[in-house]
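**Q** predicted model and sequence below, questions to follow.
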Amino acid sequence: MDSRSLQYFVAVAEELNFARAAERLGISPPPLSRAIRRLEAELGVTLFERTTHRVTRTPAGDVLLDEARIALDALQAAGRRAQRAAQRPKLILAVKADGDAGLLEPILERYASEPGSVPVTVRLCGWQEQPRLLRSGEADAALVHAPFDRTGLDTETLAVEPRLAVLASSHPLAARDRLELADLGLGPDTLDRHIDETRRGLQDLAQLLAVIGLGEAVTLLPASLAARYPRPGVAYRPVLDAPPVVLDLAWPQRSRSTATAALVRAATAVADAARTEAASSAVPT
């Protein structure tokens, strides 16, 4: 089973149509069909159920699709990392702008003093884009908020913080000191979907806060953002029953990079120090 066979299989498995898959691959349908049959014969399983009207994946096809995507991503990542290894050593850290819980700068400062550290390039990315960048070899490590697809990744939790409701100062609920999810028409099972829908079509936090200030949206954000981004016309209110925000450091499971290992050490040390400081400040004097 080679990479070309997997590429052919993935195209058919995603399109569920041999003609569209062949067009996507730049080949004609007959050789594609023959290649899939050879793959099925090699594995000794049926990957697709075919009729004159439709193509569907079998359970074996579903499993192979998941595994094939991982394998092809790993091959692409290996190539990118090999190309980068021939250049000046550096570490690429993927971060969503304002999605670092205030830890990015202290992590980079601590990392610079670690044995095995190399220059760091911070790659700013979109919502939940980090896992794809890690699996494709376009980043070595990432700061990313849970939940996310952890396939092929190792993680270390750096911060757990409460969420705050973010709403226009003129909103009726802004007159209250604290809220619950039900006040916002939300529940634990609908919260993540609501947050994703609120962000859709917006490029950054500035746009999101502008929309909220106009009274066109209500969302929840990590408490650290409220402290860092006070804004006229926008109110932040505690939500007593909202699940906390979890910030993880993630990196590829197969990574053998001493530079990445040094970053993990630095980030863990900074997170531990931040937790100790927070606990100390919470103790009454």
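**A** Looks like it arrived, so ask away.
**Q** ranges for the strands of the stretch 151-285 of the chain?
**A** 153-161, 163-168, 219-222, 234-238, 245-252 (DSSP state E, counting those that start in this stretch).
**Q** where's the nearest residue to residue 162 once chain neighbours are set aside relative to residue 245, distance?
**A** Spatially, and ignoring its direct neighbours in sequence, residue 162 is nearest to residue 223 (4.9 Å; C-beta to C-beta, 6 or more residues apart in numbering). For glycine as for every other residue, the C-beta is placed from the backbone atoms N, C-alpha and C. Using C-beta to C-beta, to the nearest Å, residue 223 is found at 8 Å from residue 245.
**Q** what does residue 189 give?
**A** Distance from residue 189 to residue 245, by C-beta to C-beta: 17 Å.
**Q** between the two, tell me which one has more neighbours.
**A** Neighbours were counted for residue 189 and for residue 245 using other C-beta atoms under 10 Å; residue 245 has more, 21 against 7.
**Q** picking that back up, the residue nearest to residue 162: neighbour count?
**A** Residue 223 has 17 nearby residues by other C-beta under 10 Å.
**Q** hang on, it packs against residue 161?
**A** Yes: here residue 223 lies in contact with residue 161, judged by C-beta atoms under 8 Å, at a distance of 5.0 Å.
**Q** what's the overlap in contacts for the two?
**A** Contact criterion C-beta atoms under 8 Å, 6 or more residues apart in numbering; residues shared by residue 223 and residue 161: residue 245.
**Q** just the mean pLDDT for the longest helix seen in the chain, thanks.
**A** Assignment by DSSP state H gives helix 59-85 as the longest helix of the chain. Here helix 59-85 scores 79 as its mean pLDDT.
**Q** next one: stretch 32-47
**A** Stretch 32-47 shows a mean pLDDT of 91.
**Q** give me the contacts around it.
**A** With C-beta under 8 Å, 6+ apart as the test, stretch 32-47 has contacts from 1, 4-5, 8-9, 11-13, 18, 21-22, 25, 48, 57-58, 60-61, 64.
**Q** just for the stretch 151-285 of the chain, where's the confidence low?
**A** 281-285 (pLDDT under 70).
**Q** okay, and which of the contacts of stretch 32-47 map to helices?
**A** Those of those mapping onto helices are 4-5, 8-9, 11-13, 18, 21-22, 25, 60-61, 64, per DSSP H.
**Q** just the buried ones from these, in ChimeraX syntax?
**A** Buried residues among those (16 or more other C-beta atoms under 10 Å), as a ChimeraX selection:
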select :5,8,9,11,12,13,18,21,22,25,61,64
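**Q** kindly reformat the ones in helices among the contacts of stretch 32-47 as JSON lines containing distance to residue 169.
**A** Converted to JSON lines, these look like this (distance: C-beta to C-beta, whole Å):
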{"residue": "4", "distance to residue 169": "59"}
{"residue": "5", "distance to residue 169": "59"}
{"residue": "8", "distance to residue 169": "57"}
{"residue": "9", "distance to residue 169": "55"}
{"residue": "11", "distance to residue 169": "51"}
{"residue": "12", "distance to residue 169": "54"}
{"residue": "13", "distance to residue 169": "50"}
{"residue": "18", "distance to residue 169": "57"}
{"residue": "21", "distance to residue 169": "53"}
{"residue": "22", "distance to residue 169": "57"}
{"residue": "25", "distance to residue 169": "54"}
{"residue": "60", "distance to residue 169": "56"}
{"residue": "61", "distance to residue 169": "53"}
{"residue": "64", "distance to residue 169": "53"}
